[in-house]
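**Q** The amino acid sequence is not available; the structure is as follows:
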C-alpha cells in the first residue's frame, strides 16, 4: 500500500521531478547555469513552443491532433510581416490580418474532420502541406524582410512597429506565455466549454448521446489550436523581424513532445495546459544545458526525439494496461 | 448416398467463464445430410456450444466424436481440418474487404498451404467460380468483397466452407440481415447442400416459422442446458416457446400501480435508413412505462436511436407534449426534453475515466455555471451527492472514477445523468444488460419512480420477463415493425414470444 502510494506519487509528478533533476545535474556540471540571465534565457526560448503546444493541448483534449500548427505559425509569420513591410499597415491591423488567416486554417481543418470525416491526423497532415505551400506562394518563396520590394517589384517603405518588436523582448514574451497558459488552464478546467471538450475527447459517442454538440466543440478546439499557433508565429515574427521560409515548422515536434510529456502532470492523465508548460520546460532545460555542454546543435534532435518517444511511451504504454 | 451413420456427437460438454457456467453437461448430435435447428433465448448457450464445435473455445470439458472417433478441438484450424466450419452473423469480421470474392473464397487455401508462395490467379478464380456455380449463385468473382451485398457475403462464406469440402456447416442466424427473397434463396441452397451434397447443417435462428420451413430436427436450449430434442414435425411452435422460456419466472419484483395521464409522446410512421425501423407508430402517456419487446435484431435499438436523433429519419413525425419536434441530432433531442440510456453503456453512456460528479452533470450543466460559464464546483458536487443518494449508487463519494464502479452502479449513474435534466420522456435500451440481480431491482424501482413523477418511459429489451414486470403496455417488434400491442396485465411471456418470433394471429 505504502509502496503503491510512492509509485503513484512518482508517476504523477514525474515531469516535475525530471525538471528538478535536470536542473540539479546541469547546475553541478555547468558553473553559470543557474544565473538569472540563463534562467530568463531558457524561459524566453520556451515561450513560443509553449504557446503553440498549449494550443495543441486543446485539440488533443478533444481527442484531435493538429499537425498543421507549425505551418499555421509560418502563415501568421508571413502575413503579419507582409502587412507591415509590403502594405505599411498599423500594428493592430497587421495582427488582426494574421489572426483571420489562421482562423481560416482552423475552419478548413474542422471542415475536413467534422464534415468530411477524415481522421484528425490525416486531415491536418494534408492541411500542414497546403498551408506551408500557401505561405511560400504568398511570400514568393518564403522570406520577407524590411526594405524588400513586393513580388511585383513595387518598392516598399513599411517597417515593423517598435511595439510589435518589443513583444518578444524579455519580460514581455514570458509574461504573454504565462498569461496564455493560465487562461487556457482556466478555460479547460473550470468552464463548461472546457468540460465539454474533455467529454468529447474522453468518449465522443457518450458526449453526443448526452446532448453535447460534438462538432461545435471539435471546431472550437481547432480554432484554439490554430489561434495559439498563430500567436506563436506572431511572436516569432517579432523575434526575427522578418518572415522566413517555414519558420514555424521546427516548432511542431517540440510542441508535440511538450503536450504529451505534460499529460501525466499531477495525475491528470489527459492533456492539460500547466502540464504542457512543464513539458516545454523540460525540453527547454535539456536543450539549453546540452548546448552549454557544447553538444553540437545538429545532434540535439537525437535527444529531443528520444524525449518525444519517451513521452509518447509513457502515454500509450500505461493506456494499454 | 452415404451410410447415415456419419455424424458429430458432443457429449457432456461443460464450459465455465469467470462467474458463469455457460454450458452444463450438454449433449448434441449432428448428422450428415440433415438440417438441425438450434434455438434458445438470449444467453441460453447456443452460440457458446457452436463456438466450442468450431474451435473458438478450448477450455471445455466433455468429449466430441466424429464418426465414433474421439477428437479434441482446440482451435479453429483443427475444427476446419475436421471439416467443421461456422458462418457467423457478423460476416464482415471474417472477410477481407480489400480482396476479391475469389480470394476470399480461397482464403484458407492461401493461408494454410505452407508450400504456396506464388499465387496462381487462374486456378483460384476457376475454383471459386466452380464452387459458386455449384451453389447456383451468381457473384462476380473479381469484385471486391467490400462492394457486394450482405447476402452475397454470406454466400462467399458458405462457398468458402464448401470449396474446402467441409462436411459440417454451422449457420449462426444467417437470415437476420436478409430480405425475404434472399432468405428463400438461402433456404434453397441450404436444402440443396443437405440433400444433394450430404452436408450436416446446424441452423441457428430466432425466427420460429423459418425453422419449420427448413429444418428436420430441433434442439432447444435454456440456461446452458439442452431441454428438448425432437423431430420438428412432432412439436408445436407454442411448445417450443414454452421450452425456451421454462417455468422459472423472476417474480421478486412487484409492479406498483400508478395512474397514467394524457399522451405525452407520440411517434407516427417512423422510417429510418437502416431498414430496421419500418413505419413504426406508438405513443406513451404521462407516468406510463411502455415496453418495446423484441428479439435481438428486431430493430429496438435502431428505433431508439432514430427517435433520439442519432440516425436520420426518412419519414414520420415525433410529437412531444402536443408539439411536433424534430430531433436532428441528440443535442436537439436533449433540448427538446428527451433522454436516452443507451444499450452499450461503457461505449455510449458514461465517461469511465471521469469522476461521478462530472458524469452526472454532463447532460445539463447550466444550473452550475455562472455568467462567464465558469463551473460552480461546490454546487455541482453538492447536487451530485444528493443525486447519488437518490439513485442509490454505492460509492464512497462523488469523486470516484466511474470506471471503479460495478456495472449496476455505472448504469445508475447513466440514468442519474437524465434525472439532473428536466427530460420528459426517457428511452431505456436494455438497461439491465450486465447488471446483477440486486441492482436490477433497484433500477426497476428507479424507473418506476420516474414514471410516478410524470415522465413517459420507453423500455426496450429482449428480456421478456423484465418487460412483464415493469411495463404497463407492450409493443412487440419483429423485423423492424411493431407487430402487436398488448396490455401487460393481460398477456404472458408465451404470447409476447409468439409475436416476437414472427407468429401471426391467424396461425395461432
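**A** Received the coordinates, thanks. Values in this document were obtained by computation on a predicted structure and should not be read as measured data.
**Q** who's in contact with the host helix or strand of residue A:18?
**A** Assigned by DSSP states H and E, residue A:18 belongs to helix A:14-29. With contact meaning Cβ atoms under 8 Å, 6 or more residues apart in numbering or on different chains, helix A:14-29 is reached by A:10, A:33-34, A:261-262, A:264-265, A:275, A:278-279, A:281-282, A:285-286, A:288-289, A:292-293, A:314. C-beta here means a position set from N, CA and C on the backbone, and glycine is covered the same way.
**Q** do the same with stretch B:319-337
**A** A:208-213, B:264-268, B:307-310, B:317-318, B:338, B:340, B:363, B:421-425.
**Q** One more pass at 7 Å, please.
**A** A:208-209, A:211-213, B:264-266, B:307-310, B:317-318, B:363, B:421-425 (Cβ atoms under 7 Å, 6 or more residues apart in numbering or on different chains).
**Q** Can you pull the phi/psi pair for the spatially most central residue of chain B?
**A** Centre of chain B computed as the mean C-alpha position; nearest residue by Cα atoms, centre = their mean is residue B:296, 3.3 Å away. When read as degrees, to the nearest 10, the backbone of residue B:296 gives phi -60, psi 130.
**Q** That one contacts residue B:461, doesn't it?
**A** No. In this structure, residue B:296 is not within contact of residue B:461 by Cβ atoms under 7 Å, at 10.4 Å.
**Q** Could you list which residues are in contact with residue A:279?
**A** Taking Cβ under 7 Å, 6+ apart as the test, what residue A:279 contacts is A:15, A:53, A:257-259, A:261-262.
**Q** can you pick the most crowded of those residues?
**A** When neighbours are counted by other Cβ atoms under 10 Å in any protein chain shown, residue A:53 leads these with 35 neighbours.
**Q** my guess is it is in a strand, correct?
**A** No. Using DSSP: H, G, I helix; E, B strand; the rest coil, the assignment for residue A:53 is helix, not a strand.
**Q** Remind me which helix or strand the residue of chain B found nearest chain A belongs to.
**A** Residue nearest to chain A within chain B (Cβ to the nearest Cβ): residue B:334, separated by 2.8 Å. Take DSSP H and E as the rule and residue B:334 turns out to sit in helix B:330-335.
**Q** And residue B:475, by the same measure?
**A** Going by DSSP H and E, residue B:475 is part of strand B:473-478.
**Q** ok, now residue A:158?
**A** Short version, using DSSP H and E: residue A:158 is in no helix or strand.
**Q** Could you count how many residues lie near it?
**A** 18.
**Q** so it sits right up against residue A:84, yeah?
**A** Yes. Residue A:158 is within contact range of residue A:84, at 5.2 Å (criterion: Cβ under 7 Å).
**Q** hey, what's in contact with both of those two?
**A** Common neighbours of residue A:158 and residue A:84 (Cβ under 7 Å, 6+ apart) do not exist.
**Q** Secondary structure element holding residue B:16?
**A** Residue B:16 belongs to strand B:7-17, assigned by DSSP H and E.
**Q** I'd like the mean pLDDT over that strand, please.
**A** Regarding strand B:7-17, the rounded mean pLDDT is 90.
**Q** Stretch A:271-287 now?
**A** 93.
**Q** for it, the distance to its chain's centre please.
**A** Distance, stretch centre to chain centre, for stretch A:271-287: 11 Å (Cα atoms, centre = their mean, to the nearest Å).
**Q** Next: stretch B:367-375.
**A** Per Cα atoms, centre = their mean, the centroid offset for stretch B:367-375 relative to its chain is 42 Å.
**Q** measure that stretch end to end?
**A** 9 Å (Cα to Cα, to the nearest Å).
**Q** How about it and chain A, any contact?
**A** Yes. Using Cβ under 7 Å from any Cβ of the partner chain, stretch B:367-375 comes into contact with chain A via B:369, B:373-375.
**Q** farthest pair in the residues you listed?
**A** B:373 and B:375 (7.9 Å; Cβ to Cβ).
**Q** so what sits against both of the two?
**A** With Cβ under 7 Å, 6+ apart, residue B:373 and residue B:375 have common neighbours A:191-192.
**Q** Name the residue in the two with the higher neighbour count.
**A** Neighbours were counted for residue B:373 and for residue B:375 using other Cβ under 10 Å; residue B:375 has more, 20 against 15.
**Q** rewinding a little: so which of the contacts of stretch B:319-337 are in strands?
**A** Secondary structure defined by DSSP state E assigns B:264-266, B:317-318, B:425 of those to strands.
**Q** For the stretch 251-400 of chain B, what lies in contact range of chain A?
**A** Close to chain A, as judged by Cβ under 7 Å from any Cβ, the stretch 251-400 of chain B has residues B:330-331, B:333-335, B:340, B:342, B:347-351, B:353-354, B:358, B:362-363, B:365, B:369, B:373-375.
**Q** which among those residues end up buried?
**A** Among these, those classed as buried by 16 or more other Cβ atoms under 10 Å in any protein chain shown are B:330-331, B:333-334, B:340, B:342, B:348-351, B:354, B:358, B:362-363, B:365, B:369, B:374-375.
**Q** Now do the same for the residue nearest to the centre of chain B: its pLDDT.
**A** 79.
**Q** Repeat that for residue A:2.
**A** Predicted confidence (pLDDT) for residue A:2: 57.
**Q** Tell me where the stretch 151-300 of chain B has strands.
**A** Secondary structure of the stretch 151-300 of chain B (DSSP state E, counting those that start in this stretch): strands at B:168-172, B:200-204, B:217-222, B:225-231, B:263-272, B:278-285, B:289-293.
**Q** For residue B:300, which of these is the nearest?
**A** It's strand B:289-293; of the strands of the stretch 151-300 of chain B, that one is closest to residue B:300 (Cβ to Cβ) at 4.9 Å.
**Q** quick one: contacts of the lowest-mean-pLDDT helix or strand in chain B?
**A** When each helix and strand of chain B is scored by mean pLDDT, DSSP states H and E, helix B:107-112 comes last, with a mean of 78. For helix B:107-112, the external contacting residues (Cβ under 7 Å, 6+ apart) are B:80, B:96, B:103, B:116, B:119, B:160, B:164.
**Q** shaky segments in chain A?
**A** A:1-3, A:318-321 (pLDDT under 70).
**Q** change it to 90
**A** A:1-19, A:31-34, A:141-143, A:147-158, A:170, A:261, A:263-269, A:287, A:295, A:297-321 (pLDDT under 90).
**Q** Tell me how many other residues surround residue B:315.
**A** For residue B:315, using other Cβ under 10 Å, the count is 12.
**Q** That one is in contact with residue B:273, isn't it?
**A** No. With contacts counted by Cβ under 7 Å, residue B:315 stays clear of residue B:273, the gap being 10.3 Å.
**Q** What residue, apart from its backbone neighbours, is nearest the closest residue to chain B within the stretch 1-150 of chain A spatially?
**A** Nearest residue of the stretch 1-150 of chain A to chain B (Cβ to the nearest Cβ) works out as residue A:63 at 11.7 Å. The shortest distance from residue A:63 to any non-neighbouring residue, by Cβ to Cβ, 6 or more residues apart in numbering or on different chains, is to residue A:201 (3.9 Å).
**Q** residues contacting that neighbour?
**A** A:61-63.
**Q** May I ask which helix or strand encompasses it?
**A** helix A:192-202.
**Q** From the chain's centre, how far out is that helix? Work that out for me.
**A** That offset, for helix A:192-202, works out to 20 Å (Cα atoms, centre = their mean).
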